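# sequence and predicted model, in that order:
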Amino acid sequence: MENFTWWTEEHNQLQKEVREFAKQMAPREMETRWKREFAWDIFAKIGERGFLGAAIPKEYGGMGLGATGGCIVAEELHSISPGIGRIVVGNMIGGLRQIIEFGNEEQKQRFLPVAAKGELGAVVITEMTAGTDASGLTLQAKREGDSYVLNGKKRFIVAAGVAKRHFVYAKTSDNPEDIAKHRHITAFVVKKGTPGFNTEQLNEILAFENIQNGSFDFDNVIVPLADRIGEEGEGWKIMMEGLNFERTLIAAGTLGWQRTLLRYAVPYAQRRVQFGKPTIDIPANQTKIADVIMKLTVSRLAVYHTAYLWDLGKDITIESSTIKAFGAENTLQSALDVTQVMGGDGVNRFYPVQNIFEVAKVEHIAGGTVEACRLVIFRSGLKLLAEDMQMPRRVKSEELGVPIPTFAPVEKKLAVSEDAVLAVLAEDYRVNPGLHMMLIDIKQYIDANDEALVKAIEALEKQGLVMAYRTRKGIQMAKATYEGLKKAHPKEYYKWYPQWATEDRR
């Protein structure tokens, strides 16, 4: 795959090194999947090469290559080893970004250099009653002097039982106001071996042949104040920042899987002869392979653009959730297509297609479900893209009599009155017959504050001339009723017919 013009020489060199390393480790990685073995030896070599420090600043022992560097490592390792790649991404997201952004200097000096050298980390969020609803966690952390005491359970934790460093989110307040404002969560680092902190169960997870996933029990686990990241109550903010970084890396990993699918689908179809010709000559297979190439090309552009924005310090809330959901869904669909191209061998574990098919489904859930990503995109999009989502003012064309957009401001606003409000609502009926007008829409035409405007709408409502839409905040929208339209203008005012509608057709 082509490098991008904004990559530095260090980025290009990193890609070469990780790609070559991944090829060397591919045979051993496959063995660990068949043996259901955690590949300590491969992970140690990855640490020795410094790849785990790709996104860690140089002053803390890393390469200082930002999100772009992290994505390069994730993509290249995933292109050869679906399992080990997940663990590396797990380590990169295992509280490292959170420590970089929110840790104090002492914490950065203590945690980051060992992570860059290969210490395995894990993010600990999910609970019995808190999954997609991450704010609903119940693991309690009570302050006692210079320590916190943690009690509760966590589940579905990648690298459970093998991670050395755990970035844990716990509840530190039961105050309804704090909960409503997401100030009830605090972040901690908990080291393996801390008294009372135990792996309760290891799970059998789809496609996790050489990866561990499990549950934790926290029984009066004492965590020193020095291992709290950020201030008490900042956990939600820290979590969201971490998830943005995590989703970007997960998306980069799916690029590697999509490349693997192509690596097998095309050569396979070139060599599989059916009906007297290679199956790659079958148009249906060509279409499927083209779709895989299309998805990979677009996904890769989106992932590295998002990483670039992160490295520039931009808000990537929408982009990271978009590429995470996009990557998971594209990979699953591509795996479906390649499975069909390869037929029976597509569901044979002697080829990696089935493994990618399974792991792509896991990515619909891990790191935030694709539904949760869409919810983030919706909520953030309405806020961050508000200016781009403003429908232009619509007016009647004097020549054609049809609604047309205009971006010009209203030349002269009306003074606020019941008649003026009704006139505006009636005119809006001519261009937006099925819509209410928001207060901000009406104020484009009437010079009034909200209080005066609402007073006029209430008066019209009492007369049956206007229907008002209310929320807990009061009147938010209004629309003229049938009676209101008749009072504002004669019936002829609202009529319009296209030129082809002759008298006998009206």
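Nice, thanks for sending it over.
# quick check, V416 in contact with L453.
Yes. With contact defined as Cβ atoms under 8 Å, V416 reaches L453; the gap is 6.4 Å. Quick note: C-beta positions are derived from backbone N, CA and C, even for glycine.
# which of those two has more neighbours?
Neighbours around V416 and L453, counted as other Cβ atoms under 10 Å, are more numerous at L453. The numbers are 21 against 17.
# name the SS class of the more buried one, please.
Secondary structure state of L453, per DSSP: H, G, I helix; E, B strand; the rest coil, is helix.
# what's the spacing between it and E483?
20 Å (Cβ to Cβ, to the nearest Å).
# follow-up on the earlier one: overlap in contacts of V416 and L453?
Common contacts of V416 and L453, defined by Cβ atoms under 8 Å, 6 or more residues apart in numbering, comprise I446.
# what residues are up against T126?
Residues counted as contacts of T126 (Cβ under 8 Å, 6+ apart) are A134, K154, R155, F156, I157.
# in which helix or strand would I find the nearest residue to the second one once chain neighbours are set aside?
To tie it back to what came earlier, the one meant is K154. Excluding the flanking residues, the one nearest K154 by Cβ to Cβ, 6 or more residues apart in numbering is F216, at 4.4 Å. F216 is part of strand 213-224, with elements assigned from DSSP states H and E.
# alpha carbons of that strand, in PDB - could you do that?
Output in PDB follows, covering the C-alpha atoms of strand 213-224 (Å, rounded to 0.1, in the frame of the first residue of the first chain):
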ATOM      1  CA  ASN A 213     -10.100 -12.100  27.700                       C
ATOM      2  CA  GLY A 214     -11.500 -12.300  31.200                       C
ATOM      3  CA  SER A 215     -13.100 -10.900  34.300                       C
ATOM      4  CA  PHE A 216     -11.600  -9.200  37.400                       C
ATOM      5  CA  ASP A 217     -12.600  -9.100  41.100                       C
ATOM      6  CA  PHE A 218     -11.600  -6.200  43.200                       C
ATOM      7  CA  ASP A 219     -11.800  -7.000  46.900                       C
ATOM      8  CA  ASN A 220     -10.600  -4.000  49.100                       C
ATOM      9  CA  VAL A 221      -7.900  -3.200  46.500                       C
ATOM     10  CA  ILE A 222      -5.800  -0.400  47.800                       C
ATOM     11  CA  VAL A 223      -4.600   2.100  45.200                       C
ATOM     12  CA  PRO A 224      -2.300   4.900  46.300                       C
END
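# mind checking the pLDDT average for that strand?
The average pLDDT within strand 213-224 is 97.
# if we look at that strand, which residues are touching it?
124, 139, 141, 146-161, 166, 188-190, 194-203, 205.
# contacts only, for T194.
T194 is in contact with V221, I222, V223, counting by Cβ under 8 Å, 6+ apart.
# distance from the chain centre to the helix or strand bottoming out on mean pLDDT in the chain, please.
Here the helix or strand of the chain ranked lowest by mean pLDDT, DSSP states H and E is helix 82-92, holding a mean of 76. Relative to its parent chain, helix 82-92 has a centroid offset of 18 Å by Cα atoms, centre = their mean, to the nearest Å.
# tell me the angle it makes with strand 213-224.
Helix 82-92 and strand 213-224 are oriented at 20 degrees to each other (axes from the mean of the first three to the mean of the last three Cα atoms, to 10 degrees).
# burial count for S79?
For S79, the number of neighbouring residues by other Cβ under 10 Å comes to 24.
# look up how far E20 lies from it.
12 Å.
# over to V158?
V158 is 26 Å from E20, by Cβ to Cβ.
# also P113?
25 Å.
# and those two? Which one has more around it.
The neighbour comparison of P113 against E20 (other Cβ under 10 Å) goes to P113, with 16 against 11.
# where's the more buried one, which helix or strand?
P113 belongs to helix 105-116, assigned by DSSP H and E.
# who does that helix touch, helix- and strand-wise?
helix 96-102 (3 or more Cβ pairs under 8 Å, 6 or more residues apart in numbering; DSSP states H and E).
# what's the average pLDDT for the helix it packs on?
pLDDT averaged over helix 96-102 gives 93.
# for that helix, give me every contacting residue.
Residues contacting helix 96-102 (Cβ under 8 Å, 6+ apart): 55-57, 60, 107-108, 111-112, 115, 121, 167, 187, 189, 229-230, 234, 238-239, 241-242, 245-246.
# now, which of the residues you listed lie within helices?
Among the contacts of helix 96-102, the members found in helices (DSSP state H) are Q107, K108, F111, L112, A115, I238, M239, E241, G242, F245, E246.
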